[in-house]
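Participant: pasting a predicted model and its sequence here:
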Amino acid sequence: MRRRTMRKSMTEQKTFSICNLGCKVNAYEAESVASMLEEAGWQRVSFSEKADAALIFTCAVTNVAASKSRKMMHRIRREAPECVIVMAGCYAQVQDGMLEDAEILVGTEHKKDIPAYLDSYFENHEKIRAFTEMDEIPFDDLAAAQSESKSRAFLKVQDGCNQFCSYCIIPYVRGRERSMAPDKAVREAVKLSRTYHEIVLTGIHTGRYGKEHGETLSGLIRRILAEDSDLERIRISSIEITEITDDLIRLMQSDERIARHLHIPLQAGADSTLRRMNRPYSTADYYDRIEWIRKEIPDIAISCDLIVGFPEETDADFEETYAFLKKCRFSFLHVFPYSLRKGTPAAEMKQVAPEIKKERSARCLALSEELADRQAEAWVGRTVSVMCEQTRDGYTEGYDSHYMHVKVRGSHPKGRLLRCRITEYRDRQLYAEEEYETE
């Protein structure tokens, strides 16, 4: 049954709102589509406001994420019955029949066609379903994403995954690995640097960038830095331990514009669990590599992702993981309780009880706070460069090269890279004063 929407006159500007429920790649794609709609004459409004169209960029990594997507769709339908709902991204690609109330469904490809789909729907009032088989699809060249922070921008240079971890649905909804052409990636980075002072390179497997083009991630970063002398900082969003090459570390050593922080997913600190996860390394491989990285770049910050309560994880497995986390001396942890995804091998394994997952998560989150405290306390007295993002309550807030959140006394322009000295750490917050150069 068609849902009639109010027609606007040709001169009346249509409005849209947008919500991202997923990862940094999703955020990039959402902001890219938002920029395209604004260029086409649409007006963006807050997601809390009623709009002619609401775009939800969905996530399918966990059942919780999928549930959030459904709840958001139902909330919009309840609060704004005439709003045209666009559900896009990984959960939409799953096609489980739970999102049929949306006027427009767009899988992990065709997002750049969303403006045209909206025009078509407002003209014809026919539901649109845009999906693609995931085999052998090209890289989706969305425009460089604009960022509301005005200090950093994301650039998606890679998509897809060939890893097939036993718990993960992403290879099925994102398809095989593919990358943005190197020349285009450099052009997009240079274009972004005219507005933004920090660029974050992102992807599903960022470290696998360029395989089909005969290029590497370090080669791309080297080209961007050589082409754009005005770029103040470039950051890698996340990278697998098996993808960190010697050349990348040497490049980080040689150019301080590359952020001194690597987020390296671990997922488990017990070899038996890693094998069930189908992760391509052992704990010894992981530890030896991060210790070598620290030897080459002594002050580097390393953080990780962790899944707790993975199927068949015993108390002994968890204690082994917990000890390994302490041994690795991470700057912080992203902790995720395991979430069953139908269609994955892990869904057929013996599941861990919810209360056990909850208890293990709490212990790891407490450890993350302990590790973060230790890292921050060691920062007091250091001189760092902070990318200014916002000013409130007499302080300018931002992140340094090591992804440490810092509050600098006073008001400073958004987007400025500010040299400052860390003066104290209190209430889980670093404070700093601007450091003036002396002649």
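Facilitator: That came through fine.
Participant: just checking, residue 92 is part of a helix?
Facilitator: Yes: assessed with DSSP: H, G, I helix; E, B strand; the rest coil, residue 92 lies in a helix.
Participant: start at 300 instead
Facilitator: Fine by me, first position is 300 from now on; the one you just mentioned is residue 391.
Participant: tell me the contacts of it?
Facilitator: By Cβ atoms under 8 Å, 6 or more residues apart in numbering, residue 391 lies in contact with 357, 398, 404, 405, 406, 407. Yep, even glycine has a C-beta here, placed from its N, CA and C like the rest.
Participant: for the fifth one, which non-adjacent residue is closest in space?
Facilitator: Okay, so that is residue 406. Using Cβ to Cβ, 6 or more residues apart in numbering and skipping the chain neighbours, the partner closest in space to residue 406 is residue 392 (3.7 Å).
Participant: what about the one you found, how many neighbours?
Facilitator: Residues lying near residue 392 (other Cβ atoms under 10 Å) number 23.
Participant: for residue 569, see how far away it is.
Facilitator: Remark: distance between residue 392 and residue 569 (Cβ to Cβ, to the nearest Å) = 32 Å.
Participant: ok, residue 696 - contacts?
Facilitator: If you count contacts by Cβ under 8 Å, 6+ apart, residue 696 has them with 687, 688, 689, 690, 704, 705, 706, 707.
Participant: and which of the residues you listed is nearest residue 451?
Facilitator: Distance ranking of the contacts of residue 696 against residue 451, using Cβ to Cβ, places residue 688 first at 7.9 Å.
Participant: just how off-centre is the helix or strand containing residue 731 within its chain?
Facilitator: Using DSSP states H and E, residue 731 maps to strand 728-733. The gap between where strand 728-733 is centred and where its chain is centred comes out at 26 Å by Cα atoms, centre = their mean, to the nearest Å.
Participant: any buried residues in it, and which?
Facilitator: For strand 728-733, the neighbour count (16 or more other Cβ atoms under 10 Å) marks 729, 730, 731 as buried.
Participant: just these now: which is nearest residue 366?
Facilitator: Proximity of the buried residues of strand 728-733 to residue 366 (Cβ to Cβ) peaks at residue 729, which lies at 35.4 Å.
Participant: which residue is the nearest non-sequential neighbour of that closest one?
Facilitator: Spatial nearest neighbour of residue 729, excluding adjacent residues (Cβ to Cβ, 6+ apart): residue 705 at 4.7 Å.
Participant: you'd agree the one you found is up against residue 688?
Facilitator: No: Residue 705 lies out of contact with residue 688 (Cβ atoms under 8 Å); the separation is 10.2 Å.
Participant: which stretches of the stretch 550-699 of the chain form strands?
Facilitator: Taking DSSP state E, counting those that start in this stretch to define them, one finds strands in the stretch 550-699 of the chain at 560-562, 600-607, 632-636, 682-691, 694-698.
Participant: by contact count, what packs against the fourth one?
Facilitator: Where contact means 3 or more Cβ pairs under 8 Å, 6 or more residues apart in numbering; DSSP states H and E, strand 682-691 is packed against strand 694-698, strand 704-708, strand 716-725.
Participant: list the strands paired with that strand, with their directions.
Facilitator: Note on strand 682-691: by DSSP bridges, its sheet partners are strand 694-698 (antiparallel), strand 716-725 (antiparallel).
Participant: residue 508 is nearest to which of those?
Facilitator: strand 694-698 (23.0 Å).
Participant: tell me which residues of that closest one are tucked away?
Facilitator: Under the neighbour-count criterion of 16+ other Cβ under 10 Å, strand 694-698 has 694, 695, 696, 697, 698 buried.
Participant: thinking again about what came up before, pretty sure the residue nearest to residue 406 sits against residue 359.
Facilitator: Yes: with contact defined as Cβ under 8 Å, residue 392 reaches residue 359; the gap is 7.3 Å.
Participant: okay, and the common contacts of those two?
Facilitator: residue 472.
Participant: quick one, domains of this structure?
Facilitator: By the assignment in automatic domain parsing, the chain contains the domains 314-429, 433-558, 584-677, 682-733.
Participant: so how far is the longest one off the chain centroid?
Facilitator: Meaning domain 433-558. Worked out by Cα atoms, centre = their mean, domain 433-558 lies 12 Å from the chain centre.
Participant: repeat that for stretch 553-570.
Facilitator: Mean-position distance between stretch 553-570 and its chain equals 14 Å (Cα atoms, centre = their mean).
Participant: now swap in stretch 362-369 and tell me
Facilitator: Worked out by Cα atoms, centre = their mean, stretch 362-369 lies 17 Å from the chain centre.
Participant: which parts of that stretch are buried?
Facilitator: 364, 365, 367, 368, 369.
Participant: return the subset of those lying in strands.
Facilitator: Residues from these lying in strands, with DSSP state E as the criterion: none.
Participant: could you dump these to TSV with pLDDT?
Facilitator: Shown next, in TSV, are those (pLDDT from 0 to 100):
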residue	pLDDT
364	83
365	86
367	89
368	90
369	92
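Participant: JSON lines please, covering those residues and showing distance to residue 665.
Facilitator: Converted to JSON lines, the buried residues of stretch 362-369 look like this (distance: Cβ to Cβ, whole Å):
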{"residue": "364", "distance to residue 665": "24"}
{"residue": "365", "distance to residue 665": "28"}
{"residue": "367", "distance to residue 665": "25"}
{"residue": "368", "distance to residue 665": "30"}
{"residue": "369", "distance to residue 665": "32"}
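Participant: now the helices for the stretch 550-699 of the chain?
Facilitator: Along the stretch 550-699 of the chain, counting by DSSP state H, counting those that start in this stretch, helices occupy 570-576, 582-595, 614-627, 653-676.
Participant: pretty sure residue 463 sits against residue 475.
Facilitator: No: contact criterion Cβ under 8 Å: residue 463 and residue 475 do not qualify, at 10.5 Å.
Participant: pull out the buried residues from stretch 563-572.
Facilitator: The neighbour-count check on stretch 563-572 (16+ other Cβ under 10 Å) flags 563, 564, 565, 566, 567, 568, 569, 570, 572 as buried.
Participant: residue 342: which of those residues is nearest?
Facilitator: Ranked by distance to residue 342 (Cβ to Cβ), the buried residues of stretch 563-572 are led by residue 564 at 38.6 Å.
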